[in-house]
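Novice: Got a predicted structure here, sequence first:
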Amino acid sequence: MMQSRVRLTKPLARCARAFSAQPSPFDATGDAVDALRNELTKTCDEVVAAGKKLNWVFLGAPGVGKGTYASRVAKQMKIPHVSMGDLVRAEIKGETAIGKEMRALAAAGALVPDETVLEILRLRIEKGKKDGERGFLLDGFPRTVPQAERLNDMVEVTSALNLTLREDILVEKCCGRRECGECGKAFNIAVIRSEKEGEPTIVMPPLNPPEACLGKMTQRADDTEDVVRARLDVYKKATIPVEEYYRNKGLLSEFPIMGGIPETTPMLLKHIIDILRRR
């Protein structure tokens, strides 16, 4: 993907740090979060002891943070976080037969067919079964109803969690994404505080780079408002039917994101615990 060099000024960085230092109404103490993590792990252990699987799917629009939250939650559930994007990149990097096929398709400007993507996922799920994994947390798939149906033929999905965030906030977040051109770490300089009348307050402090990275920030060329909104339109047309698919099966739950990672994590942990206990 093409990247353009941008600079995060020190005044902006200082302003963002000051903002992030302000207390949030959603903050939970460290002890409370640790207790929720332990409770989630214990609840998942009980589910597995009862002979059930923990096969979860995380849905959500681009930029909502599926991968970020999936990796944190999967650790507490003691299941692997399976990122479809990571699986595809690993095949290409490893120059497997499937990886070479996908590289050739990309070079020709063609889309990778569902059959190829599903085969990669099938191999990963089969490996997990052989290794005795007690489930998975799948992020980035399925994106269409046919994909969801094929996944259902492959393995039983036990829960689908849809992470939601207001579209205007999603656009701000995507446009605020940055990466250090030297160390490769990702950051987000968007300073979000939305207080609209009649709507819940949304507070999202930025994830700022350290001083060493300030002059080396890069931004994806497609992280512009027009492109981001176009991506969201494509997402909605393809994936809202996927939400309905899981809703009709009684597997879908909605989780609105109202803050940054520290504020959202304890609420998300509690939400998942409640789902597990109901089922």
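Specialist: Ah, there it is.

Novice: List the contacts of P241.
Specialist: 144-145 (C-beta atoms under 8 Å, 6 or more residues apart in numbering). All C-beta atoms are positioned from the backbone trio N, CA, C, and that covers glycine.

Novice: Are we agreed that it is in a helix?
Specialist: Yes - under DSSP: H, G, I helix; E, B strand; the rest coil, P241 falls within a helix.

Novice: where's the nearest residue to I120 once chain neighbours are set aside relative to I202, distance?
Specialist: Nearest residue to I120, sequence neighbours excluded (C-beta to C-beta, 6 or more residues apart in numbering): L87, at 5.2 Å. Using C-beta to C-beta, to the nearest Å, we find L87 at a distance of 32 Å from I202.

Novice: D45 too?
Specialist: Taken as C-beta to C-beta, the span from D45 to I202 is 34 Å.

Novice: about what we covered before: what are the phi and psi values at the residue nearest to I120?
Specialist: Torsion angles at L87 (phi, psi; degrees, to the nearest 10) stand at phi -60, psi -40.

Novice: so where do the helices sit in this structure?
Specialist: Ranges of helices in the chain, per DSSP state H, are 10-21, 30-49, 66-77, 84-93, 97-107, 114-130, 145-154, 167-175, 225-248, 261-278.

Novice: how about low-confidence regions in this structure?
Specialist: 1-29 (pLDDT under 70).

Novice: Next up, the contacts around the residue sitting nearest the centre point of it.
Specialist: Residue closest to the average C-alpha location in the chain (C-alpha atoms, centre = their mean): K66, at 1.2 Å. Going by C-beta under 8 Å, 6+ apart, K66 touches 58-60, 139-140, 163.

Novice: Okay, and which of those residues map to strands?
Specialist: 58-60, 139, 163 (DSSP state E).

Novice: Pull the most distant pair out of those.
Specialist: D139 and L163 (10.0 Å; C-beta to C-beta).

Novice: Of those two, which one has the most company?
Specialist: D139 (24 against 21; other C-beta atoms under 10 Å).

Novice: residue contacts, I79?
Specialist: 44, 54, 56, 133-137.

Novice: related to what we said a few turns ago, can you verify my assumption that the residue nearest to I120 contacts R124?
Specialist: Yes - the pair formed by L87 and R124 meets the contact definition of C-beta atoms under 8 Å, at 5.9 Å.

Novice: who touches both of D139 and L163?
Specialist: 58, 66.

Novice: Tell me the spatial nearest neighbour of S71, not counting adjacent residues.
Specialist: Nearest one to S71, counting by C-beta to C-beta, 6+ apart, is H81 at 4.7 Å.

Novice: so how far is V88 from the one you found?
Specialist: 15 Å.

Novice: what do you get for G135?
Specialist: 21 Å.

Novice: what does E39 give?
Specialist: 34 Å.

Novice: the more surrounded of those two?
Specialist: V88 (21 against 14).

Novice: does the more buried one really touch V112, like I thought?
Specialist: Yes - between V88 and V112 there is a contact under C-beta under 8 Å: 7.5 Å.

Novice: list the residues that contact both of these two?
Specialist: M102.
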